[in-house]
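Peer 1: this is the structure alone, sequence omitted:
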């Protein structure tokens, strides 16, 4: 049987507006034509962040590939400004995306119903939870394949797939402004841990294509945006 750890999931840039930082600065100086080509852009973009002048950040786009279990994908789909395209389980069998995902065990935070408490990987409860997931997934896999082998439609077979263990792939397109607001939400400690991990990977990828802008909004020395 095949399964993998959640931390192996990845985000990658599919497409981005060329020279995003320079494009944003050039457009932001629309009312100052004589200075539009000024290459000193860090101070400008930082000032825009500090003053909340975010409209120019709508002028550049990035498309990212998300590889994540379907329960976390559902959370990402709640950001309506990001335009999605998702892998179809009606068109293709789920094995095309690789193995099922084994999820970690965490304790319920009794003071915050939307939070959880991490335990050590070798905690007996954590090990037991992994084994129970493997048993469930072995049974799911057997019956999913039985349905397909007996002529069942993919849309019928998929009904037994557990969302938290089943991988999905999505493409999200958004403006830099959209991604900034996504990150401000999903990097926050109130977000489920798995989605924070994903958001940290999103930020790392966006730093590759818009380093000055990302540093203005999410400075590297800010511990909130470092890996947990």
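Peer 2: Perfect, I can see it now. Keep in mind the model is a prediction, meaning the values are calculated, not measured.
Peer 1: from now on I want contacts and neighbour counts done on CA atoms only, so please keep to that.
Peer 2: OK.
Peer 1: separation between residue 20 and residue 209?
Peer 2: Relative to residue 209, residue 20 is positioned 7 Å away (C-alpha to C-alpha, to the nearest Å).
Peer 1: which parts of stretch 129-140 are buried?
Peer 2: Buried residues in stretch 129-140, counted by 16 or more other C-alpha atoms under 10 Å: 129, 133, 134, 137, 138, 140.
Peer 1: residue 46 is in contact with residue 216, isn't it?
Peer 2: Yes - applying C-alpha atoms under 8 Å, one finds residue 46 in contact with residue 216, separated by 5.0 Å.
Peer 1: secondary structure element for the most centrally placed residue in the chain?
Peer 2: Residue closest to the average C-alpha location in the chain (C-alpha atoms, centre = their mean): residue 198, at 4.0 Å. Residue 198 belongs to helix 193-209 when elements are defined using DSSP states H and E.
Peer 1: contacts only, for residue 166.
Peer 2: Shown in contact with residue 166 (C-alpha atoms under 8 Å, 6 or more residues apart in numbering): 69, 70, 94, 100, 101.
Peer 1: among the residues you listed, name the ones in helices.
Peer 2: Under the assignment DSSP state H, the contacts of residue 166 contribute residue 70 to helices.
Peer 1: of the contacts of residue 166 - the most surrounded one?
Peer 2: For the contacts of residue 166, the largest number of neighbours (other C-alpha atoms under 10 Å) sits with residue 100, at 27 neighbours.
Peer 1: which helix or strand lies directly C-terminal to the helix or strand of the chain with the lowest mean pLDDT?
Peer 2: One helix or strand of the chain scores below all others by mean pLDDT, DSSP states H and E: strand 3-5, with a mean of 49. Sequence-wise, the next helix or strand downstream of strand 3-5 (DSSP H and E) is strand 11-16.
Peer 1: which helices and strands does the next helix or strand after that following strand pack with?
Peer 2: Using DSSP H and E, the helix or strand that directly follows strand 11-16 along the chain is helix 20-28. On a contact count with 3 or more C-alpha pairs under 8 Å, 6 or more residues apart in numbering; DSSP states H and E, helix 20-28 meets helix 211-217.
Peer 1: ok, now with 10 Å
Peer 2: Counting contacts by 3 or more C-alpha pairs under 10 Å, 6 or more residues apart in numbering; DSSP states H and E, helix 20-28 packs against helix 42-51, helix 211-217.
Peer 1: for these, which one sits closest to residue 88?
Peer 2: The closest of these to residue 88 is helix 211-217. By C-alpha to C-alpha, the value is 32.2 Å.
Peer 1: residues contacting the closest one, please?
Peer 2: For helix 211-217, contacts defined as C-alpha atoms under 10 Å, 6 or more residues apart in numbering pick out 20-22, 24-25, 41-50, 57, 176, 179-180, 183-184, 203-208, 218-222.
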